[in-house]
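In: predicted model and sequence below, questions to follow.
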Amino acid sequence: VVYTGRLKEFEDMYINSFPGRTRAFVKIQDGCDNFCTYCIIPFVRGKCRSKDESKVIKEITDLVNNGYKEVVLTGIHTGSYGDDLDTSFADLLNKLVKIDGLERLRISSIETTELDEDVLNVLRNSKVLVNHLHIPIQAGSNEILKAMNRKYDLDFFFDKISEIRSIRPNIAISTDVIVGFPGETEELF
């Protein structure tokens with residue numbers, strides 16, 4: 001099977017209210033280019049694509065003006081935001097944390113490979129980013145990570161966690177783990 005990519009526009013879903021909720025969600029990105037062996041997302045959701053930066057800023061500003069103090073950035077591969085535009089996820093974060101009245105900004109999930117120095121600098125320099133990151137590890141052995149076609153090994157993952165903790169020692173970090181991956185032995189588990 002040859003994958004040529006699904007060319008889709010970003011589905012712009014402007015929302016300015018979440019009745020009965022104290023925090024708001026803004027989808028900034030869709031699609032994925034990673035092709036992990038267990039995942040169908042690149043085939044059904046298409047290639048990575050990002051919401052226009054000015055629309056993200058306006059949507060979050062409108063939500064804050066409507067009383068929301070916390071906004072959660074969502075996407076399929078959130079940290080790849082901007083790869084298809086002339087910007088980056090860190091650039092967007094730097095602009096968002098400066099929105100008047102926004103007290104908390106949360107990243108729904110981010111890959112360890114996308115926590116580059118620029119993103120970590122925003123974490124270091126802004127208290128608007130909440131003291132929590134969700135960083136999927138997916139497996140606890142390098143052999144299974146390789147079989148999954150993940151883009152890191154355990155040393156890279158744990159070095160990144162240590163770097164994050166050097167910036168924010170008490171940060172909460174959650175993760176995803178897939179168990180029972182084909183070929184995963186008790187020892188690898």
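Out: Right, received. Where do you want to start? Predicted, not measured: the structure shown is a model, and the values here were computed from it. Residues are numbered from 1 along each chain as shown.
In: quick one: the helices in this structure?
Out: Applying DSSP state H to the chain gives helices spanning 41-45, 53-65, 89-96, 117-125, 142-147, 154-167.
In: which parts of the second one are buried?
Out: For helix 53-65, the neighbour count (16 or more other C-beta atoms under 10 Å) marks 53, 56, 59-61, 63-64 as buried. Quick note: C-beta positions are derived from backbone N, CA and C, even for glycine.
In: tell me the one of those residues nearest Ala90?
Out: Ala90 has its nearest neighbour among those in Glu53, at 12.3 Å by C-beta to C-beta.
In: separation between the residue lying closest to Gly82 once chain neighbours are set aside and Arg21?
Out: Excluding its sequence neighbours, the residue lying closest to Gly82 (C-beta to C-beta, 6 or more residues apart in numbering) is Ser88, at 4.5 Å. Separation of Ser88 from Arg21 (C-beta to C-beta, to the nearest Å) stands at 29 Å.
In: then Asp52?
Out: Counting by C-beta to C-beta, the gap from Asp52 to Arg21 is 24 Å.
In: which one's more surrounded, these two?
Out: Asp52 (13 against 10; other C-beta atoms under 10 Å).
In: per-residue pLDDT, that one?
Out: Looking at Asp52, its pLDDT stands at 95.
In: Ala172 against His132, yeah?
Out: Yes - if you go by C-beta atoms under 8 Å, Ala172 and His132 touch, sitting 4.3 Å apart.
In: the more surrounded of those two?
Out: Using other C-beta under 10 Å as the criterion, Ala172 and His132 rank with His132 on top: 13 against 10.
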